[in-house]
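Peer 1: no sequence on this one, just coordinates:
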């Protein structure tokens, strides 16, 4: 088990980002902004394993709740139980011992945090092959991201820099609660040259620094966000470092950034990632959720009655009435 998920953590090159942006028709800064918000821009932990977040409510759904009574920290009807960082693999390992396929589907993977249950959406026949690709390196993670964006019709939002629309489709209906849209907009400003740093939105910071990166730091620390790294900010940094077993020097380097960002991701993460496209013949929990949104019998089977309900809903919202639930139909349902 310790070596099963060890991969190649070599970062993406600028050319990789440019190729992806060309494929999606958007800017390089837009792609980098999504990566930064989802994973702090790194697809791997320092131990060479892909970054993951294990979602217990997904595991609960994947396994019919049969493990929830005895293992509520890794299987429950609602999200939670996060411990962050590499320790998420401890939760994943325990879930694998109970139901391997369900466990792998219940984690988000890599630089863009694609959920395992979306493996078919991004071109993999089974979750094992999807995970193997995520372990192989950031290029495969980027390829999966591009496939997800195209399959869910979210490229237009990236092109228009419609971060609210993009976050609604990518992160789910509670995106405002976790400020995904504002975080992506801020990250885009940094990468596109609208902020203090264009290549690194988590630069080395110390007393005397000013700017948007300092504001981001202050937001993560939960203190006044004035963009001025003064004595109060230094004191807050030192306290945070000491509380988390870091060297309390008041200088924000990569280790401090990593812990800050990991905690911001795990305090109360978005309980549901982007919904996959659905059509006639599909089955499963996502279909059941769709049916609940449509207020029809939720049996998890996308049959004639569900297709008819989808078409009626699409017509009522002025959407293309094709009976296929893509990003725009999901957005209208979840609005």
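Peer 2: Sure, I can see it. Keep in mind that what you see is a predicted model, and the values were worked out from it rather than measured. Numbers count the residues shown, from 1 in each chain.

Peer 1: Kindly provide the whole-number mean pLDDT of the host helix or strand of residue 34.
Peer 2: Under the criterion of DSSP states H and E, residue 34 resides in helix 28-39. In this model, helix 28-39 carries a mean pLDDT of 93.

Peer 1: Adjacent strands (with direction) for whichever helix or strand comes after that helix?
Peer 2: Sequence-wise, the next helix or strand downstream of helix 28-39 (DSSP H and E) is strand 52-54. Using DSSP bridges, the strands paired with strand 52-54 are strand 107-109 (antiparallel).

Peer 1: now what about the helix holding residue 34, what contacts it?
Peer 2: 14, 17-18, 20-21, 24, 41, 43, 51, 110-113, 142, 145, 158-159, 161, 166, 170, 180, 183-185, 187-188, 190-192, 201 (Cβ atoms under 8 Å, 6 or more residues apart in numbering). For every residue, glycine as well, the C-beta is placed using N, CA and C.

Peer 1: Just the buried ones from those?
Peer 2: 17, 20-21, 24, 41, 43, 51, 110-113, 142, 145, 158, 161, 166, 170, 180, 183-185, 187-188, 190-192, 201 (16 or more other Cβ atoms under 10 Å).

Peer 1: domain assignment for the chain?
Peer 2: 14-171, 194-266, 285-334 (automatic domain parsing).

Peer 1: For the last one, measure first residue to last.
Peer 2: Across its full length, domain 285-334 reaches 16 Å between end residues, using Cα to Cα, to the nearest Å.

Peer 1: who touches stretch 43-55?
Peer 2: 5-9, 11-12, 35, 39, 42, 74, 79, 82, 85-86, 88-89, 91-92, 95, 103, 106-113, 115, 134-135, 137-138, 141, 265-266, 269, 271, 273.

Peer 1: Which one, of the domains of the chain, ends up nearest to residue 278?
Peer 2: Closest of these to residue 278 is domain 285-334, at 4.2 Å (criterion: Cβ to Cβ).

Peer 1: Tell me the spacing between the nearest residue to residue 288 once chain neighbours are set aside and residue 102.
Peer 2: In space, and not counting its chain neighbours, residue 288 is closest to residue 300: 4.1 Å by Cβ to Cβ, 6 or more residues apart in numbering. Remark: distance between residue 300 and residue 102 (Cβ to Cβ, to the nearest Å) = 15 Å.

Peer 1: the more surrounded of those two?
Peer 2: residue 102 (23 against 16; other Cβ atoms under 10 Å).

Peer 1: pLDDT wise, what is that one at?
Peer 2: On the pLDDT scale, residue 102 gets 98.

Peer 1: Touching, it and residue 64? I think so.
Peer 2: No. Applying Cβ atoms under 8 Å as the test, residue 102 and residue 64 come out as separate, 9.1 Å apart.

Peer 1: looking at the chain, which helix or strand does the model trust least?
Peer 2: Of all helical and strand segments in the chain, the minimum by mean pLDDT, DSSP states H and E falls on helix 254-266, at a mean of 72.

Peer 1: where are the low-confidence patches of the stretch 101-250 of the chain?
Peer 2: Low-confidence regions of the stretch 101-250 of the chain, defined here as pLDDT under 70, cover residues 193-202, 211-212.
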